[in-house]
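*Asks:* prediction below, plus the sequence it came from.
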Amino acid sequence: MNTTSLRIFQGIGRYGVLIALLALIVFGWLRYENFLGAFNVLSVLRYNSMFALVALGMCFVIITGGIDLSVGSTAALGSVVAALLSPYGVLPGLLGGLAAGLAVGACNAFIITRLGILPFITTLATMLAASGCALLLAENQSVSVSYESGFTELGQGDFLGFPIPAWMALFAYLVGSLVLNLTSFGRTVLAIGGNEDAARLMGLPASRVKALVYLTSGGLAGLAGVILAAQFGAGQPIEGVGWELFAIAAVVVGGTLLTGGVGSVGSTLAGVLLLGLIFNILNFENGLGWISLSAYWQSVIRGAFLLLVVAIQARLSMRTEEAA
Amino acid sequence: MAETATTLPPAQRAPRLDVKTVLTRHGAWIALVLLILVNLVITPNFATWQTLNVNLTQVCTIVIVGVGMTLVIATGGIDLSVGALMAIAGALAPLIFLGKLFPLPHPAIGIALAFVVPVLVTAALGWFNGWLVTRLRIQPIIATLVLFIAGRGIAQVFTNGNLQVFNLPSFQFIGLGRVFGIPFQAILMVVIVAAAAWMLRRTVFGRQILAIGGNERAARLAGIPVTSVKQRVYLISGLLSGVAGLIVIARNSAADANLVGLGMELDAIAAVAVGGTLLTGGRATVLGTLVGALIIQLVRYTLLANGVPDAAALVAKAVIIVLAVWLQRQSHR
């Protein structure tokens, strides 16, 4: 293979998610009248900012070469705690949900870095535990939030004409991007994913950074739970099933390698928007009744889409390997 | 109990008989015995056929799926799609024997096909997982994530999300039948465990599985057909998931694509981990998976029978998994 086409392939690999996102937006714009209307755009952003927060944490975890399967039930736990604390005001609800997330993250961090158990199995266990705690706290049902305290504003309100959850996600992504690209913490995250032993030998604080990454992921999941509770007016102990997979899919679609060491915060956001828009477009199809698309087809199409993206990524990386 | 663990290369260390070694080597068996003893003391009516039956029937599907998962994990992979495949098999079988898919010349043919076709379909989907892993070189967790997401959707599309209720003793024998008073599914489970344990320990294929999990590169250089071995392992996992799906719907006299096999991937992985199979591959024990599944089931039963809510059992399960893997790690230090 000659260098020009190799460069084109690498370009597709790097910007593929952006190209796909743009193509999808143009498709939606041409096909549906209200697709780019303020209402649809803002509701897509409002709804997907929860997933965006979870995916950001997952992005950092995956770059270190780990995985966090507990984010979904952590968000559920966060939503229950936030709902239980919401009668006391906005801030207690917010901090409570965040603290619940941080607690699960701290458990993950301790088990992974101190006991040395694989992230995959650790977070699988904390996923069960967080889910159990959420059910216990909520006594197996959803917990209504208090409307008097104004807590629901966190999920349903606007600030400067833009949904509050979207502001939170935007802020988190800005900070995340700066941290990953400009700080020594970010460089250590990338170094751990590239080669943990080497990073350790170079004197980088690998354990501490890894612990912080899982703590961050837990905290962001807790925050997502707060938004969940505020948006739907209830803490949902059984919500969050499959969120971890959505987040992993978004990160992978964004071009972050699951083996760690490579990854981008911006591409993760693009991945979240891409998966979110596919859902949105399917809903448009449904709403207009042009095709009789049941909700069940949505997961099939999502799976097929994930397959397409990973297959293309695999092909591209193979070609790059062969050429190198 | 050294013969329950198949290791490649075999551990050459001299056996030390201190407490720690005994605990880490046989921790799962000790835990199982302790659990039974504790239950005999505290749980009312524990030593009855009824209790045994309840626990056996609840654990069968986890074990059957867990056997496939053990083999996949032994190669260093993972299969997240098992629950979704169970749902597909569970959705297909009633469609076939109720004649909704194609007209049946004879009811018996429908029942025969209802056993064969769903399992073949899930085996094919397992093969597809293996194809993604070996040919496209996609990481197992992502490759099987595809069917984890899409598989349940496929099952729901087949059935339009409807519950399929039926009453067909000849089909339901797989879940409700008894041979000499023993549940047929338990016999099936024992046969599958025995066959897999024998295969892993005594056949070339079993050795190849462990060699790949131990060091894939070395296995490749040694001339082991890595691609085909891995492919077959995923196929077996898919096939066993299909069998488990049939058992579940037979037991319930109903197929619900939304619920069959939900969360099964976690239960199966937990059973494998607690049983002592190395999650990084290279060392596997099918008997251990059986013990692991029994432990998880017994803990849940103990808590429920003594009035602890099911949600607390989830936390207990989490602690057991972490403890088991931590102990396992100590023995490899």
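*Replies:* Received, thanks.
*Asks:* make it CA atoms for all contacts and neighbour counts henceforth
*Replies:* Noted.
*Asks:* contacting residues for residue B:133?
*Replies:* B:139, B:140, B:143 (CA atoms under 8 Å, 6 or more residues apart in numbering or on different chains).
*Asks:* out of those residues, list just those in helices.
*Replies:* Members of the contacts of residue B:133 lying in helices (criterion: DSSP state H): B:140, B:143.
*Asks:* top of the contacts of residue B:133 by number of neighbours, please.
*Replies:* The most crowded member of these, judged by other CA atoms under 10 Å in any protein chain shown, is residue B:143 (27 neighbours).
*Asks:* who in chain B is up against chain A?
*Replies:* B:136-139, B:143, B:145-154, B:156-157, B:160-161, B:266, B:309, B:311-319, B:321-322, B:325-326, B:329 (CA under 8 Å from any CA of the partner chain).
*Asks:* which ones among those map onto helices?
*Replies:* Filtering these for helices - DSSP H - leaves B:143, B:145-154, B:156-157, B:266, B:311-319, B:321-322, B:325-326, B:329.
*Asks:* what about the residue in the stretch 151-300 of chain B that chain A sits nearest to, how many residues nearby?
*Replies:* Ranked by CA to the nearest CA, the top residue of the stretch 151-300 of chain B for proximity to chain A is residue B:153, at 5.0 Å. Per other CA under 10 Å, the neighbour tally for residue B:153 reads 29.
*Asks:* go on, residue A:28?
*Replies:* Neighbour number of residue A:28 under other CA under 10 Å is 19.
*Asks:* tally of neighbours for the residue in the stretch 51-200 of chain B that chain A sits nearest to?
*Replies:* Per CA to the nearest CA, residue B:150 is where the stretch 51-200 of chain B lies closest to chain A, at 4.1 Å. Applying other CA under 10 Å, we find 27 residues neighbouring residue B:150.
*Asks:* does it really touch residue A:300, like I thought?
*Replies:* Yes. Between residue B:150 and residue A:300 a contact is recorded at 4.1 Å, counting by CA atoms under 8 Å.
*Asks:* phi and psi next, for residue B:102.
*Replies:* Here is the backbone geometry of residue B:102 (degrees, to the nearest 10): phi -150, psi 150.
*Asks:* is it true that it touches residue B:109?
*Replies:* No. When contacts are counted by CA under 8 Å, residue B:102 is not listed as touching residue B:109 (11.7 Å).
*Asks:* any idea of the pLDDT on the residue of chain B positioned farthest from its centre?
*Replies:* Most distant from the centre of chain B: residue B:105, at 34.9 Å, with distances by CA atoms, centre = their mean. For residue B:105, the pLDDT comes out at 75.
*Asks:* repeat for the one 10 residues further on
*Replies:* We note a pLDDT of 89 for residue B:115 in this prediction.
*Asks:* that one: what secondary structure?
*Replies:* Three-state assignment for residue B:115 (DSSP: H, G, I helix; E, B strand; the rest coil): helix.
*Asks:* residues contacting it?
*Replies:* B:93, B:171, B:246.
*Asks:* the second one is in what secondary structure piece?
*Replies:* This means residue B:171. helix B:169-176 (DSSP states H and E).
*Asks:* cool, and the last one?
*Replies:* Using DSSP H and E, residue B:246 sits in helix B:226-252.
*Asks:* quick one: mean pLDDT for the following helix or strand past that helix?
*Replies:* Next along the chain after helix B:226-252, taking DSSP H and E as the criterion, comes strand B:254-255. The average pLDDT within strand B:254-255 is 85.
*Asks:* touching strand B:254-255 from outside, list them.
*Replies:* With CA under 8 Å, 6+ apart as the contact definition, strand B:254-255 has outside contacts at B:90, B:91, B:94, B:163, B:164, B:165, B:166, B:249.
*Asks:* that strand pairs with which strands, and in what direction?
*Replies:* Paired strands of strand B:254-255, with direction, are strand B:164-165 (antiparallel) (DSSP bridges).
*Asks:* what sits against residue 264?
*Replies:* In the absence of a named chain, this looks at chain A. So residue A:264 contacts A:59, A:177, A:254, A:255, A:256 (CA under 8 Å, 6+ apart).
*Asks:* if you could check chain B rather than the one you did, that'd help
*Replies:* B:62, B:82, B:83.
*Asks:* what's the separation between it and residue B:79?
*Replies:* From residue B:264 across to residue B:79, the span is 11 Å (CA to CA, to the nearest Å).
*Asks:* was I right to think residue B:80 contacts residue B:265?
*Replies:* Yes. Using CA under 8 Å, residue B:80 is in contact with residue B:265, at 5.5 Å.
*Asks:* re earlier: now the residue farthest from the centre of chain B, what's its secondary structure?
*Replies:* Under three-state DSSP, the three-state class of residue B:105 is coil.
*Asks:* as a markdown table, the contacts of residue A:264 with distance to chain B and neighbour count would be great.
*Replies:* Converted to a markdown table, the contacts of residue A:264 look like this (distance: CA to the nearest CA, whole Å; neighbours: other CA atoms under 10 Å in any protein chain shown):
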| residue | distance to chain B | neighbour count |
| --- | --- | --- |
| A:59 | 15 | 35 |
| A:177 | 25 | 17 |
| A:254 | 14 | 28 |
| A:255 | 13 | 24 |
| A:256 | 12 | 23 |
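*Asks:* dump those residues to JSON lines, plus secondary structure.
*Replies:* What follows is those, written out as JSON lines (three-state DSSP):
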{"residue": "A:59", "secondary structure": "helix"}
{"residue": "A:177", "secondary structure": "helix"}
{"residue": "A:254", "secondary structure": "coil"}
{"residue": "A:255", "secondary structure": "coil"}
{"residue": "A:256", "secondary structure": "coil"}
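*Asks:* touching stretch A:267-279 from outside, list them.
*Replies:* Against stretch A:267-279 from outside (CA under 8 Å, 6+ apart): A:17-18, A:20-21, A:24, A:44, A:48, A:51-52, A:55-56, A:59, A:173, A:247, A:249-256, A:298, A:302.
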